[in-house]
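Any chance you can model this:
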Amino acid sequence: MRKLQANRTLLIGAAAALVLLGGGGLFLALNSSDAPPAAEGEAAQAEEEGQAEGEGAEAPAGVVPLTADQIRAAGIGVVSVGGGGGSETRLAGRVEPMVDARAAVAASVGGRVERVLVAPGQSVRAGQALATLVSGDAATFRADADAAAAQAEAARQAYQRDRNLADQGVVARQEVEASRAQSLSAEAAARAARARAAAAGSPNASGRLSVASPISGVITSVQVGPGGFVPQGGVVAEVTNPARIELVFNAPPALAVQVRAGSRMKATGPNGEFDAVVTGVAPGAGADSGATIIRARPVGASLPPAGSAVTGAIVTGEPTTGGLTVPSEAVQTIEGATVVFVQVQGGFRAVPVLAGRQAGGRTEILRGLEGGERIAAANAFLLKAELAKGEAEHGH
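Presented below is the predicted three-dimensional model:
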């Protein structure tokens, strides 16, 4: 019908052209620019007919047609086929506080507890005072520091006077050198006295000082009360930072030479599976068994509370020579056949493969891929469902 209409239009146009030609050649010459639009109309009509025929064409078997926008909208991740292999070792572990996550804050000098400034459960910051002590030893340290500072100042002034007198020729040069040595010695003694006072908590002249927390965290216990006496080294309070926790795994001794800091691993806890990275490997650190201790921290996830049990999986062993691996989620099963979806022009094609071992969330591909392909990984199951849907519609 469309072709008949087109022929009819062309005949009408030809007839009109003959009339114009018969009426005068000048009019036809002036309107010769009308011919190209007619040709363009015919080309557009032919293109429209070609598109209509293309819409009726079916995708090749095993191919899921998708545009780039549809791939993004479906959340399908496209990755390159990688190399690798190895075996997976599973480990048992737990969540523990880091070494610097706990502090037993002790008194640097013995003294009477004047005030307790915190209580269990209270949050504190690093450098915050936990208690105030009054100490006779601390008062002595402060007095020694003040006396040493005064002696250093007197020695410095004596040296300055001798230098002036030596410039006038009144004092011999040997006396100036002796004064200088005494000044340097007094300054050294003053620095040592100040350091002892600082180590004692920087007390004032009355021997009053504050015991401060070295870390930020939460007070877990307070060991002293107002009016009590705390000896030198006695614990005043305990502080824990609940955010400073890590994964600790017990591993066989042989694993110490196969795992290193920076190795990736999968961990599973009460909140599910998450990625982790190894931060340290300590051979023979197990107190009783001599097992290797592996420490790790999570990547992009929060850890469960300290004391929670966790399991870990880490890939060890030498990679398979020339082997290829893909994310395990990229491997799909269609009618009993194992396939991966390889990206092709205009979509994805299901390619049969022979799968091997699985380790660390990846699967070996023993046959079927060459290594340069890009495949669907995340949400690859959507392609499987779309392919099955297309085949069902084709069957009807």
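
Check the closest residue to residue 208 other than its chain neighbours and give its pLDDT.
Sequence neighbours aside, residue 134 is the residue nearest to residue 208 in space, at 5.2 Å (criterion: C-beta to C-beta, 6 or more residues apart in numbering). No exception for glycine: its C-beta is placed from N, CA and C like everyone else's. On the pLDDT scale, residue 134 is placed at 96.

What of residue 314?
pLDDT for residue 314: 81.

In the protein, where is pLDDT below threshold?
Regions of the chain meeting the criterion pLDDT under 70 cover residues 1-61, 83-88, 285-290, 316-323, 359-360, 390-396.

domain assignment for it?
When the chain is parsed into structural domains using automatic domain parsing, the resulting residue ranges are 2-55, 63-85+321-395, 87-98+244-316, 101-240.

is it possible to export these to JSON lines including mean neighbour count?
Compiled in JSON lines, these are given as follows (neighbours: other C-beta atoms under 10 Å):
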{"stretch": "domain 2-55", "mean neighbour count": "10"}
{"stretch": "domain 63-85+321-395", "mean neighbour count": "16"}
{"stretch": "domain 87-98+244-316", "mean neighbour count": "17"}
{"stretch": "domain 101-240", "mean neighbour count": "17"}
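
What segments of the stretch 201-350 of the chain are helices?
Counting by DSSP state H, counting those that start in this stretch, the stretch 201-350 of the chain has no helices to list.

For it, which segments count as strands?
Taking DSSP state E, counting those that start in this stretch, the strands of the stretch 201-350 of the chain run over residues 208-212, 217-222, 229-230, 235-240, 245-251, 264-269, 272-282, 292-298, 309-316, 324-327, 332-334, 337-344, 347-352.

Would you mind giving the ones you listed as TSV with distance to residue 62 added?
Supplementary listing: the strands of the stretch 201-350 of the chain in TSV, determined by distance: least, C-beta to C-beta, whole Å:
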stretch	distance to residue 62
strand 208-212	70
strand 217-222	59
strand 229-230	79
strand 235-240	59
strand 245-251	43
strand 264-269	32
strand 272-282	32
strand 292-298	40
strand 309-316	32
strand 324-327	18
strand 332-334	9
strand 337-344	8
strand 347-352	5
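
Is residue 375 in contact with residue 340, as I believe?
Yes - counting by C-beta atoms under 8 Å, residue 340 is a contact partner of residue 375 at 5.0 Å.

tell me, what's touching the two both at once?
Overlap between the contact sets of residue 375 and residue 340, as judged by C-beta atoms under 8 Å, 6 or more residues apart in numbering, is given by 326, 330, 369.

before we move on, which element is the last one in?
Think residue 369. Taking DSSP states H and E as the criterion, residue 369 maps to no regular element, lying outside all helices and strands.

Renumber starting at 49 from here on
Sure thing, new numbering starts at 49, so read that last one as residue 417.

so what's it up against?
By C-beta under 8 Å, 6+ apart, the residues touching residue 417 are 129, 372, 374, 388, 390, 399, 401, 423.

possible to save these as JSON lines with distance to residue 113?
JSON lines is the format used below for these (distance: C-beta to C-beta, whole Å):
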{"residue": "129", "distance to residue 113": "22"}
{"residue": "372", "distance to residue 113": "26"}
{"residue": "374", "distance to residue 113": "22"}
{"residue": "388", "distance to residue 113": "18"}
{"residue": "390", "distance to residue 113": "14"}
{"residue": "399", "distance to residue 113": "16"}
{"residue": "401", "distance to residue 113": "21"}
{"residue": "423", "distance to residue 113": "17"}
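
so what's residue 425 up against?
For residue 425, the set of contacting residues under the criterion of C-beta under 8 Å, 6+ apart consists of 125, 126, 127, 374, 375, 377, 378.

Tell me which two of the residues you listed sit farthest apart.
126 and 377 (12.6 Å; C-beta to C-beta).

Spatially central, which residue of this structure would that be?
Centroid-nearest residue in the chain: residue 347, 4.8 Å away (criterion: C-alpha atoms, centre = their mean).

And the residue lying closest to residue 316 once chain neighbours are set aside, how close does it get to residue 313?
Nearest residue to residue 316 in three dimensions, chain neighbours excluded: residue 359, at 5.0 Å (C-beta to C-beta, 6+ apart). When distance is defined by C-beta to C-beta, to the nearest Å, residue 359 is 10 Å away from residue 313.

Ok, residue 427 next?
Counting by C-beta to C-beta, the gap between residue 427 and residue 313 amounts to 24 Å.

re the thing from before, what residues are up against the residue nearest to residue 316?
Residue 359 makes contact with 138, 139, 140, 141, 315, 316, 317 under the criterion C-beta under 8 Å, 6+ apart.

For residue 272, state which of those is nearest.
For the contacts of residue 359, the nearest to residue 272 is residue 141 (36.2 Å; C-beta to C-beta).

who touches the strand or helix carrying that closest one?
When secondary structure is defined using DSSP H and E, the element that contains residue 141 is strand 135-145. Around strand 135-145, the neighbours that count as contacts under C-beta under 8 Å, 6+ apart are 288-290, 292-299, 303, 315, 317, 342, 351-365, 405-408.
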